[in-house]
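Q: Got a predicted structure here, sequence first:
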Amino acid sequence: MAQLGKNATLLNWAGEPKTARPARSRTTKGRKGKADPTEGLQVANPNAAGIDIGCSEHWVSVPTGRDQRSTQRFGCCTAELNRLAEWLKGCGVDTVVMEATGNYWVVLYDILEDRQLNPVVVNPRYAKNMSGKKGDIPDCQWMQKLHTYGLFANSFRPGKEIRILRAYLRQRERLVVASSQEIQHMQKRPQREALDHQRAQHHGKGRELDQVAVGKGFRQRERRRQGDNAAHAAPGHDDAASR
């Protein structure tokens with residue numbers, strides 16, 4: 001059977017002609033790697049570090065070559081946080097970026113601020129918008145890299161003196177609210193005691209009435225029984241009953 005050419009026709013099962021399509025040569029295109037978004041940017045913070053905040057551990061990354069391991073894990077207790085700050089000081093870090101994750105960053109922020117490490121708090125929404133790998137270690141490394149080029153904006157946080165004054169004012173407000181609630185409880189206490197007294201009196205009167213009713217009924221039954229006994233003991237009662 002002769003080989004069909006390009007313009008040859010084939011018959012399908014319904015008998016309709018079908019033009020044979022020439023085979024297409026598929027060429028595999030080489031996949032290009034993603035370009036680094038920080039390529040060509042000017043370094044703004046050469047001594048920057050990045051911290052991925054967690055509830056049980058913190059992952060910290062410093063520039064390559066500052067230590068044998070540029071990324072390390074630290075705990076959340078006070079001793080671990082102090083060791084973290086000392087390690088950053090030993091690596092020559094002068095600014096640190098972290099995400100505002102819950103309340104876990106507050107104590108670490110104060111410790112870094114006392115060590116003059118210039119902490120920078122970033123809104124997690126802005127940090128997530130940055131393209132990059134996800135995970136504890138990749139996150140802190142990526143944040144350190146972005147902070148090196150100055151791509152994070154610091155969130156507003158008042159100074160230490162203002163924060164102390166704010167804490168006192170908030171504590172005073174909580175105490176005023178608590179004292180107001182206690183005063184309301186004291187005002188309601190006499191009303192509750194009066195209501196309880198009325199209820200006790202009502203229940204007491206009810207018990208007395210029940211006792212009176214029970215005693216009255218008992219006395220009536222006792223009189224009736226005594227009358228019946230007297231009638232049975234009267235003379236001629238047995239003769240009348242026999243008749």
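A: In hand now; what should we look at?
Q: so residue 98 makes contact with residue 123?
A: No: using CB atoms under 8 Å, residue 98 is not in contact with residue 123, being 11.2 Å away. Every C-beta, even on glycine, is put in place using the N, C-alpha and C of the backbone.
Q: Name the residue in those two with the higher neighbour count.
A: More crowded of residue 98 and residue 123, by other CB atoms under 10 Å: residue 98, with 26 against 13.
Q: Next, find the distance separating that one from residue 79.
A: 19 Å (CB to CB, to the nearest Å).
Q: what do you get for residue 144?
A: 24 Å.
Q: Which of these two has more residues huddled nearby?
A: Taking neighbours as other CB under 10 Å, residue 144 and residue 79 compare with residue 144 leading, 25 against 9.
Q: residues making contact with the host helix or strand of the more buried one?
A: Assigned by DSSP states H and E, residue 144 belongs to helix 136-148. Residues outside helix 136-148 that contact it (CB atoms under 8 Å, 6 or more residues apart in numbering) are 38, 43-46, 48-52, 54, 57, 59-63, 71, 95, 97-99, 120, 122, 127, 130, 132-133, 152.
Q: From those, list just the buried residues.
A: 45, 48-52, 54, 59-63, 71, 95, 97-99, 120, 122, 127, 132, 152 (16 or more other CB atoms under 10 Å).
Q: List the ones among those residues that fall in strands.
A: 48-52, 59-61, 71, 95, 97-99, 120, 122 (DSSP state E).
Q: Closest one to residue 195 out of these, please.
A: residue 99 (54.8 Å; CB to CB).
Q: how much space between the nearest residue to the closest one once chain neighbours are set aside and residue 174?
A: Closest residue to residue 99 apart from its sequence neighbours, by CB to CB, 6 or more residues apart in numbering: residue 124 at 4.7 Å. Remark: distance between residue 124 and residue 174 (CB to CB) = 28 Å.
Q: which residues are in contact with stretch 86-103?
A: Contacts of stretch 86-103 (CB under 8 Å, 6+ apart): 45, 47-55, 60, 62-63, 66-67, 72, 74, 105, 108-109, 112, 115, 117-124, 127, 143-144, 146-147, 152, 155.
Q: That stretch: end-to-end distance?
A: 22 Å (CA to CA, to the nearest Å).
Q: Show me what the mean pLDDT comes to for it.
A: Stretch 86-103 shows a mean pLDDT of 90.
Q: Would you mind listing the buried residues in it?
A: Those would be 87-88, 91, 93, 95-101, for stretch 86-103 by 16+ other CB under 10 Å.
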